[in-house]
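Novice: Kindly generate the corresponding structure for this input.
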Amino acid sequence: MASDDLAVTASPEQEQDSKRSPFLEALGERVRNLRSRKGMTRRAVALAADVSERHLANLEYGTGNVSVLVLLQVAQALQCSLAELLGDVTTSSPEWLLIRELLGKRSESDLRRARLQLGEMFGEGGDAQARQARIALIGLRGAGKTALGQRLADDLGYPFIELSREIEQFAGCKISEIHNLYGANAYRRYERRALEEAIQIYPEVVIATPGGLVSDSANFNLLLSHCTTVWLQADAADHMGRVAAQGDMRPMAASREAMEDLKRILEGRSAFYSKADLAINTSTRTEDQAFAALRASVRQHLALPV
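Specialist: Numbering: from 1, shown residues only. All right, here's what the predicted structure looks like:
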């Protein structure tokens, strides 16, 4: 018998199974498990979610590529969060769910206290006294971190580090090349290595951090745990004007669009920047005035003569 005679042609159902998305299969399994946990039949969930029972069955078996709106309706029918359906890590076990419930309605100040206590409990909080003398300046590009940071370091007699330059030394290339050649994840790894080394080497230091450091929760948590953080605030127009004054005209190429992008970035990061220990608004101030305010605030925080 020829070998071709032994070939088996896959049925349409088998082909469909082979093409199933692992994500959709996992999503369907979570829907089934949640439905079982709630003690609800598929029909009852379909009625509560206002979807057909067949549509829900396709979802549960990982063959239905449903819309976000349908997922939201199913989540509401199951009385769970959309994050739980999608498989967020904080919904992956009973303990996580209990912690979410405990913290869900707490204020920002309560959550901050909980974060600090958890850091101490798990040995990731850093020594409070050692943390105090490491001054980290955060904020968008154009906030004055480099210029004011160097002046502050000179005033305090501390070393000054521009973390972006340290990252480039670790990588052996420019930051733009790190992103282009290796991607954002590699950049974050270099950023963490540079930050960890600065913390280990310098008990007293002023650090100018990259503007996007707050976007990585692990790196930002490391910074908050081991440094006194100072947010150098400025409005979007000042940020853009200062970058242009440094000779970088790229943001001005499409100024209206660039300004809107900058406003969105600032708005998106402000909640993270606001976690800083101190904040200095540099808008409407000359560099000398901004430095005087920064110097007074930091010296007061360190209990040094102003």
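
Novice: CA atoms for contacts and neighbours, from now on please.
Specialist: OK.

Novice: just the strands in this structure please.
Specialist: 134-138, 160-162, 205-208, 228-233, 278-281 (DSSP state E).

Novice: What are the buried residues along the third one?
Specialist: It stands for strand 205-208. V205, V206, I207, A208 (16 or more other Cα atoms under 10 Å).

Novice: What ranges in the chain fall below the confidence cut-off?
Specialist: 1-19, 125-126, 246-255 (pLDDT under 70).

Novice: And it, split by domain according to the record?
Specialist: 20-91, 126-301 (automatic domain parsing).

Novice: so which of these gets nearest G119?
Specialist: Proximity to G119 (Cα to Cα) singles out domain 126-301 among the domains of the chain, at 7.9 Å.

Novice: Centre of the chain to that closest one, how far?
Specialist: 15 Å (Cα atoms, centre = their mean, to the nearest Å).

Novice: what's the closest non-adjacent residue to P159?
Specialist: V205 (5.1 Å; Cα to Cα, 6 or more residues apart in numbering).

Novice: scratch that, R100 is what I was asking about
Specialist: Counting by Cα to Cα, 6+ apart, T90 is the residue found nearest to R100 once chain neighbours are left out, at 7.1 Å.

Novice: What about the one you found, how many residues nearby?
Specialist: For T90, the neighbour count with other Cα atoms under 10 Å is 15.

Novice: List the contacts of the nearest residue to S283 once chain neighbours are set aside.
Specialist: Computed as Cα to Cα, 6+ apart, the closest residue to S283 that is not its neighbour in sequence is A234, at 4.9 Å. Going by Cα atoms under 8 Å, 6 or more residues apart in numbering, A234 touches A143, N281, T282, S283.

Novice: give me that answer again for 6 Å
Specialist: N281, T282, S283 (Cα atoms under 6 Å, 6 or more residues apart in numbering).
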